[in-house]
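> next comes the sequence, and after it the predicted model I'd like to discuss.
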Amino acid sequence: MSEVIIYSDGGCSGNPGPGGWGFVIVGSGEDRAGEIVRSGGERMTTNNRMELTAVIEALTLVSSDSRFAHMPVSVYTDSQYVQKGISQWIAGWKRNGWKTAAKEPVKNQDLWVRLDGLASSLGPKWVWVKGHAGVHYNEVCDRLTQEEIAKHR
């Protein structure tokens with residue numbers, strides 16, 4: 001069976017500071033779509049916002065591209081914030097009215113709401129990968145992120 005594989009990364013220089021994000025979508029199996037590579041950035045942002053934006057942008061593209069209709073999706077990220085946030089923490093945040101266990105407002109709620117909607121419709125598998133450990137597409141995404149940070153300095 002064919003699968004959509006997404007690698008994503010985001011970061012910034014200073015936190016907050018100029019930031020960037022990047023993703024690579026790799027189709028697999030007979031319907032392999034080749035690599036789709038995208039990146040972007042902002043002049044003033046945070047690491048976590050860029051990590052979330054990378055995944056949101058990738059899933060938005062997948063959800064709107066008929067080549068990927070009805071294909072299972074796996075998202076590989078080196079961000080435990082994203083991986084644990086969407087697969088573990090978000091249910092409690094929603095149950096608690098977008099408050100953390102400490103009764104504080106959830107940071108980046110606007111992005112979490114968007115990601116939750118995309119994740120609900122696509123049902124991706126969330127996989128954490130160690131950053132800067134030689135995982136090819138994770139390294140590609142890191143390079144894209146660094147290039148975007150340099151553009152927005």
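Cool, the structure landed.
> going by C-alpha atoms from here, please, whenever you check contacts or count neighbours.
Fine.
> report the distance from the longest helix belonging to the chain to the chain centre.
Counting by DSSP state H, the longest helix found in the chain is helix 47-64. Distance of helix 47-64 from the chain centroid (C-alpha atoms, centre = their mean, to the nearest Å) equals 4 Å.
> which is the succeeding secondary structure element to that helix?
Next in sequence after helix 47-64, counting helices and strands by DSSP states H and E, comes strand 73-77.
> for that next one, packing partners?
The helices and strands touching strand 73-77, judged by 3 or more C-alpha pairs under 8 Å, 6 or more residues apart in numbering; DSSP states H and E, are strand 4-12, strand 125-128.
> angle of it against strand 4-12?
30 degrees (axes from the mean of the first three to the mean of the last three C-alpha atoms, to 10 degrees).
> strand 73-77 pairs with which strands?
Applying DSSP bridges, strand 73-77 is found paired with strand 4-12 (parallel), strand 125-128 (parallel).
> and the contacts of the last one?
It refers to strand 125-128. Identification of contacts with strand 125-128 by C-alpha atoms under 8 Å, 6 or more residues apart in numbering yields 73-80, 83, 87.
> could you dump the helices and strands packed on strand 73-77 into TSV with mean pLDDT added?
Conversion of these to TSV gives the following (pLDDT from 0 to 100):
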stretch	mean pLDDT
strand 4-12	97
strand 125-128	96
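> mind checking which of those strands is nearest Leu144?
Across the helices and strands packed on strand 73-77, Leu144 has its closest neighbour in strand 4-12 (8.4 Å, C-alpha to C-alpha).
> contact partners of the longest helix of the chain?
6, 8-12, 15-16, 19-25, 39, 41, 68-69, 75, 79, 81-82, 108, 111-112, 114-115, 118-119, 122.
> any idea how far Ala101 is from Gly11?
Distance of Ala101 to Gly11, computed by C-alpha to C-alpha, to the nearest Å: 26 Å.
> good, we can wrap up now.
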